[in-house]
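A.B. asks: structure here, sequence nowhere to be found:
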């Protein structure tokens, strides 16, 4: 397979970028690709820069010592955690939960418990205007929503997110609700601001970016003492809008609202979405950047997350030289204090010392430097997130560093897509087509590349040293491989990880363009009986193995025989295995064509399909009798431009 022969690490002075060979990064990238078993050669992410302060030359070995998990099999702790997630998903019961919640009285909007620690504890912009400009020495700018609204309407809302905020369901029936969440009226207690951040976009340092159309209202502390930030996306201009209007359209807002909630129900870490409202105004967008703009309905999503801090939130300040390196430290302290308190409270008695993969077998003691412990946890959370994406066939589409959450959440749903016909080179982003940097197969490598940028930023601020930065990247690779192997093992119902069997399967799926979601769901119907006649082996899969010729049929039969032999060695009943497999292989995912159907109806004023999809996607692992059509293969019209291949225009 083609490897990443170079990698880039963010330099405080972008103009001084220069390439450097990085055997450590290449070796780790190679291990990531081997672990996935993808059958095609995907173009690697291009290098663009290197900071001389972080020279990586760790050997390709995983390394030994405490805390280093073997690559040969999933760790016991991981298996336990995956089991618990599977049980939680299998036991979902939307009907009873929703019913109980709808009968409970919660808080009115005026009674929400607001806190504004981000504004209170971090440096802000002294100006409050929305004139596009460079915002220096500040983490945010106070700015009010300014999107125009004319008879705004509530499209849909999430009961489970409302419950997170202790919000009374009756509040969504208020006549002024849509005014409040379109930004036309101000919520009592809110203190709106837009965050300043930068980032690498498609591998190139882009400088200041920031919340160009997202305005955070503040933080809610719920009855469980959890901190949740509320943010209106599409609420109008900010100093970070550059040449844009700060608005969002219904098309992209529906996709973000539905996918935020769908991913949560799949058990994948994500930001959430409280509600979606139309503004009643139209927004001009050139969806395909082809010189044919059109008017589209405007809309606003209220996004909810424990934090909207990204890798780029730190990068922007490191990029501005010594004067702003103190802000990197302040932001790191803030994040650890508010969102990683277990790291703040670490004691040296915990003995978190690890042997690295360096040739000299160096030791990294995470208890001696909280920032090192923090970057390692960020790396591991990111690895877990991307392994989960690979497991369900999700492609983010725009994995720029400004779209990477420090909490390991899926954030910023621009162009995204779930795999239909399995294609490792699939990208949902038209602007990514030339190089396919952000295609499905490249996501693990891109995650590593982005962690390298984040680690380099902390290194530039002298919060971590080279060995600690290297170790964070090493832990990303090890964690990803452990998680991915555990996920794929469970998806196939295997007693243990079998790399050869899984690689052959993915190769077969790629050759025959097999539907990713439906294949794994049907796979649980295969019986672990080696005596099944050859001509009957593929019967459980006939709905997804369409139009395959004799040669391909023989390839699939050969694989099925090996698979059944492996299953038979596990000693688990077919019935029990089917339950376990169906708990990790969803029947329903938010396919692009389903989104498009809901969008088409909503643009005509019918929001019923949006609400129906929301309910279906809240129970992706359940059979849901009567809803089978939502699990079907995409129809022919789904492959027209604008449905399965989308631009960033929103």
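C.D. replies: Received it, and whenever you're ready, just let me know what you need. Values in this document were obtained by computation on a predicted structure and should not be read as measured data.
A.B. asks: what does the domain assignment say about this structure?
C.D. replies: The chain breaks down by automatic domain parsing into domains covering 108-319, 496-571.
A.B. asks: what residue ranges in the protein are flagged as low confidence?
C.D. replies: For the chain, residues meeting the criterion pLDDT under 70 lie at 1-27, 30-31, 33-35, 38-104, 288-289, 347-351, 353-361, 640-650.
A.B. asks: that one: strands as residue ranges?
C.D. replies: For the chain, the strands defined by DSSP state E occupy 114-115, 140-142, 153-157, 193-195, 198-201, 204-208, 214-221, 227-233, 272-285, 294-305, 353-355, 363-365, 394-395, 417-418.
A.B. asks: which one, of those strands, ends up nearest to residue 411?
C.D. replies: Counting by Cβ to Cβ, residue 411 lies closest to strand 294-305 out of these; the figure is 7.3 Å. C-betas here are computed from N, CA, C, even on glycine.
A.B. asks: run the angle between that closest one and strand 214-221 for me.
C.D. replies: Put simply, strand 294-305 runs at 30 degrees to strand 214-221, going by axes from the mean of the first three to the mean of the last three Cα atoms, to 10 degrees.
A.B. asks: show me how far strand 294-305 is from its chain's centre.
C.D. replies: 20 Å (Cα atoms, centre = their mean, to the nearest Å).
A.B. asks: what comes up buried for it?
C.D. replies: By 16 or more other Cβ atoms under 10 Å, the buried positions in strand 294-305 come out as 296-305.
A.B. asks: do stretch 444-463 as well
C.D. replies: Using 16+ other Cβ under 10 Å as the test for burial, stretch 444-463 gives 444-461, 463.
A.B. asks: next up, the contacts around residue 273.
C.D. replies: Contacts for residue 273 (Cβ atoms under 8 Å, 6 or more residues apart in numbering) come out as 158, 161, 256-257, 260-261, 301-304.
A.B. asks: quick check: it vs residue 181, distance?
C.D. replies: 11 Å (Cβ to Cβ, to the nearest Å).
A.B. asks: shared neighbours, the two?
C.D. replies: Common neighbours of residue 273 and residue 181, counting by Cβ under 8 Å, 6+ apart, are residue 302.
A.B. asks: could you check how far the residue nearest the centre of the chain is from residue 252?
C.D. replies: Geometric centre of the chain, nearest residue: residue 410, 2.4 Å, by Cα atoms, centre = their mean. Applying Cβ to Cβ, the value for residue 410 to residue 252 is 16 Å.
A.B. asks: with residue 314 instead?
C.D. replies: The gap separating residue 314 from residue 252 is 27 Å, by Cβ to Cβ.
A.B. asks: do the same with residue 450
C.D. replies: Distance of residue 450 to residue 252, given as Cβ to Cβ: 23 Å.
A.B. asks: please apply the same query to residue 442.
C.D. replies: In terms of Cβ to Cβ, residue 442 sits 23 Å off from residue 252.
A.B. asks: next one: residue 520
C.D. replies: Going from residue 520 to residue 252 by Cβ to Cβ gives 29 Å.
A.B. asks: what number of residues lie near residue 534?
C.D. replies: 11 (other Cβ atoms under 10 Å).
A.B. asks: residue 329 too?
C.D. replies: 16.
A.B. asks: now do the buried residues in stretch 505-523.
C.D. replies: Across stretch 505-523, burial judged by 16+ other Cβ under 10 Å covers 505-510, 512, 514-523.
A.B. asks: how far does that stretch sit from its chain's centre?
C.D. replies: Centroid separation for stretch 505-523 versus its chain: 23 Å, with Cα atoms, centre = their mean.
A.B. asks: helices - which of the buried residues of stretch 444-463 land there?
C.D. replies: Per DSSP state H, helices hold the following members of those: 444-460.
A.B. asks: so how far is the first residue of stretch 456-472 from its last?
C.D. replies: This stretch, stretch 456-472, spans 11 Å end to end (Cα to Cα, to the nearest Å).
A.B. asks: same question but for stretch 401-408, I mixed them up
C.D. replies: So stretch 401-408: terminal residues 12 Å apart, Cα to Cα.
A.B. asks: what does that stretch rub up against?
C.D. replies: Stretch 401-408 is contacted by residues 10, 197-201, 206, 209, 269, 271, 305-313, 315, 335, 339, 378, 380-382, 384-385, 396, 411-412, 414, 450, 453-454 when judged by Cβ under 8 Å, 6+ apart.
A.B. asks: run the last query once more with 7 Å
C.D. replies: For stretch 401-408, contacts defined as Cβ atoms under 7 Å, 6 or more residues apart in numbering pick out 197-200, 209, 269, 306-307, 309-312, 315, 335, 339, 378, 381-382, 384-385, 411-412, 450, 453.
A.B. asks: just the buried ones from those residues?
C.D. replies: Buried members of these, counted by 16+ other Cβ under 10 Å: 197-200, 209, 269, 306-307, 309-312, 315, 335, 378, 381-382, 384-385, 411-412, 450, 453.
A.B. asks: in helices, which of those residues appear?
C.D. replies: Using DSSP H, the buried ones among the contacts of stretch 401-408 in helices are 311-312, 315, 335, 378, 381-382, 384-385, 450, 453.
A.B. asks: what is the most widely separated pair among the residues you listed?
C.D. replies: Spanning the widest gap among these are 315 and 384, at 22.2 Å by Cβ to Cβ.
A.B. asks: how far out from the middle of the chain is the helix of greatest length in the chain?
C.D. replies: Assignment by DSSP H gives helix 466-491 as the longest helix of the chain. When distances are taken as Cα atoms, centre = their mean, helix 466-491 is centred 16 Å away from the chain's centroid.
A.B. asks: now that helix against helix 443-460, angle please.
C.D. replies: Inter-element angle recorded for helix 466-491 and helix 443-460: 160 degrees (by the same axes, to 10 degrees).
A.B. asks: which elements pack onto helix 466-491?
C.D. replies: The contact analysis (3 or more Cβ pairs under 7 Å, 6 or more residues apart in numbering; DSSP states H and E) places helix 466-491 against helix 23-36, helix 76-90, strand 363-365, helix 370-392, helix 443-460.
A.B. asks: by how many degrees do it and helix 370-392 diverge?
C.D. replies: Taking the same axes, to 10 degrees, one finds that helix 466-491 is oriented at 30 degrees with respect to helix 370-392.
A.B. asks: so which bits of helix 466-491 are buried?
C.D. replies: Neighbour counts over helix 466-491 (16+ other Cβ under 10 Å) mark 466-491 as buried.
A.B. asks: how about stretch 153-173?
C.D. replies: Buried residues in stretch 153-173, counted by 16+ other Cβ under 10 Å: 153-169, 171-172.
A.B. asks: could I get the contacting residues of residue 382?
C.D. replies: Applying Cβ under 7 Å, 6+ apart to residue 382 gives the contacts 404, 408, 447, 451, 476.
A.B. asks: and these as CSV, adding distance to residue 125?
C.D. replies: Converted to CSV, the contacts of residue 382 look like this (distance: Cβ to Cβ, whole Å):
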residue, distance to residue 125
404, 23
408, 28
447, 31
451, 29
476, 33
